[in-house]
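J.: predicted model follows, preceded by the sequence.
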Amino acid sequence: MVLPGRTEERMPMTGRATMTVTQAATVLGISRTAAYECVRRGEIPSLRLGGRIIVPTQAVEELLTFGARQTSESPDHPLAEQRDTLF
């Protein structure tokens, strides 16, 4: 089922609007424990529905996209000198 305004293109990781914390951990390449800790600190956006914690798929995609961009734009990034000469 695709929700109105949602397309498979916007949810390529799972084809669903949300994922479990364990699934988010796998996608992000971190442990399940680390993912729950990131959820607790608010570093991974999440929703609590009843006793379940779910993570919006789009939030994980944005973490990967924008987080990588911020890291590579950091002056401490290993490729910062090369980036400065290229751009």
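T.: Arrived safely, thanks for sending.
J.: so which residues of this structure form strands?
T.: For the chain, applying DSSP state E gives strands covering 18-20, 47-49, 52-56.
J.: as CSV, these with mean pLDDT would be great.
T.: Shown next, in CSV, are these (pLDDT from 0 to 100):
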stretch, mean pLDDT
strand 18-20, 97
strand 47-49, 95
strand 52-56, 97
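J.: which one of those lies nearest to residue 38?
T.: strand 52-56 (9.7 Å; C-beta to C-beta). Glycine gets a C-beta too; all of them are placed from N, C-alpha and C.
J.: listing partners with orientation, what would you give for the closest one?
T.: Paired neighbours of strand 52-56 in the sheet (DSSP bridges): strand 18-20 (antiparallel), strand 47-49 (antiparallel).
J.: for it, buried residues please.
T.: 53-56 (16 or more other C-beta atoms under 10 Å).
J.: state the pLDDT value of residue 11.
T.: Per-residue pLDDT puts residue 11 at 46.
J.: swap that for residue 85, please
T.: 45.
J.: other residues contacting stretch 20-33?
T.: With C-beta atoms under 8 Å, 6 or more residues apart in numbering as the test, stretch 20-33 has contacts from 13-14, 19, 34-36, 38-39, 44, 46, 52-55, 60, 63-64.
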